[in-house]
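In: with the input below, show me the fold.
(one chain, ligands or ions: 3)
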Amino acid sequence: MRAPLIAIEGLDRSGKSTQTLKLVRRLQDSNRSVKLLKFPERTTAIGKLIDQYLKDKKYKLSDESVHLLFSANRWELQDKIIDLLTNQYIVVVDRYVYSGVAYSGAKGLKFQWCLNPDLGMPKPDVTIFLKFNDMLQVTTRSGFGEERYEESEFQKKVCAQFKKFEGFSEWHNINVDNKSIEEVHDEIWNLVEPVINGINNDIQTF
Ligand code: ADP
Ligand code: FDM
Ligand code: MG
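Out: Ligands and ions are numbered 1, 2, ... in the order given. Predicted structure coming up:
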């Protein structure tokens, strides 16, 4: 028996951080051990480079090398994730492998090339994608435009890349257009509740 790995995915400003925090609080309120991780994890050596790259739109790095940095940033935490799950800590991740593939795919890199460096990373038991049909709702949210990638044409391309995961068994879309924070949270909870008592199989990997 081990705890589940839960990923929340979506475009910039789709509500991931709001929802992962709410989910973690609800799990804690029901006396579960839970840990929230966020990718990129900007405090590590590699994470600091990524942070500079995201904040400074003039910072030059090839698309391939930045892709590998994002993946390496997840590998920096691979042991920790496995340790937590094995010790019955539910792990909630705010972005994960899927963002890595979708954002680099939107720049024109091939899907399989993008996924390859993450092969072997723990695979979530449940992945929830916060999906907008009306892109205007996301690009007008507060803060949008501050960092690299927060530009509406690029976000549309990223959205199209995320669709490639719809065949993955752990993947669930939640439509968030015109939904309140509470409504989205309730839908997330309905997907998460069936797995919070633990999972019988070993940790799966990409
Ligand atoms: P992300 O982590 O995906 O970038 P955030 O959770 O930081 O997104 O949310 C971006 C902004 O949108 C924040 O100002 C947040 O308060 C707001 N927000 C989040 N969810 C909703 C919602 N369902 N309806 C309206 N505004 C929202
Ligand atoms: N991002 C995030 C990537 O391009 N690749 C990745 O592997 C990950 C995890 O970094 F624009 C992008 C997605 C987003 C930015 O933003 C991080 P937030 O606001 O910290 O989630
Ligand atoms: Mg966020």
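
In: residues of the protein that sit close to ligand 1?
Out: Neighbours of ligand 1 within the chain, by CB under 6 Å from any ligand atom: 10, 12-18, 141-142, 179-181, 184. To be clear about C-beta, it is placed using only N, CA and C from the backbone, and glycine gets the same treatment.

In: dump the residue contacts of the residue most central in space within the chain.
Out: For the chain, the residue nearest the mean C-alpha position is Arg95 (1.5 Å; CA atoms, centre = their mean). The neighbours of Arg95, taking CB atoms under 8 Å, 6 or more residues apart in numbering as the test, are 7-9, 16, 38-40.

In: the residues of the chain next to ligand 1: which ones sit near ligand 2?
Out: By CB under 6 Å from any ligand atom, the members of these lying near ligand 2 are Asp12.

In: just the buried members of the residues of the chain next to ligand 1?
Out: 10, 12-16, 18, 179, 184 (16 or more other CB atoms under 10 Å).

In: now intersect the residues you listed with the helices, please.
Out: 16, 18, 184 (DSSP state H).

In: name the residues of the helix or strand of the chain with the lowest mean pLDDT that are buried.
Out: The helix or strand of the chain with the lowest confidence, counting by mean pLDDT, DSSP states H and E, is helix 136-139 at a mean of 80. Judged by neighbour count (16+ other CB under 10 Å), helix 136-139 contains these buried residues: 138-139.

In: quick one: the very next helix or strand once past it near ligand 2?
Out: Downstream of helix 136-139, the next assigned helix or strand under DSSP states H and E is helix 152-162. No - Helix 152-162 lies out of reach of ligand 2 by CB under 6 Å from any ligand atom, never closer than 8.0 Å.

In: packing partners of helix 152-162?
Out: Counting contacts by 3 or more CB pairs under 8 Å, 6 or more residues apart in numbering; DSSP states H and E, helix 152-162 packs against helix 97-106, strand 126-131, helix 136-139.

In: if we go to 10 Å?
Out: Counting contacts by 3 or more CB pairs under 10 Å, 6 or more residues apart in numbering; DSSP states H and E, helix 152-162 packs against strand 5-10, helix 97-106, strand 126-131, helix 136-139.

In: and the longest one, what's its mean pLDDT?
Out: Meaning helix 97-106. Helix 97-106 shows a mean pLDDT of 98.

In: and if you look at stretch 15-34?
Out: Rounded mean pLDDT across stretch 15-34 is 98.

In: which of the residues in that stretch are buried?
Out: By neighbour count on 16+ other CB under 10 Å, the buried set for stretch 15-34 is 15-16, 18-20, 22-24, 26-27, 32, 34.

In: still on that earlier bit, which of the contacts of Arg95 are buried?
Out: Listed as buried from these are 7-9, 16, 38-40; burial here means 16+ other CB under 10 Å.

In: so which residues on the protein come close to ligand 2?
Out: Near ligand 2, when you scan the chain using CB under 6 Å from any ligand atom, you find 12, 39-40, 54, 70, 95, 99-100, 103, 149.

In: as TSV, those with distance to Glu76 would be great.
Out: Below are the residues of the chain next to ligand 2 laid out as TSV (distance: CB to CB, whole Å):
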residue	distance to Glu76
Asp12	23
Phe39	10
Pro40	10
Leu54	17
Phe70	11
Arg95	15
Ser99	16
Gly100	13
Tyr103	18
Tyr149	21
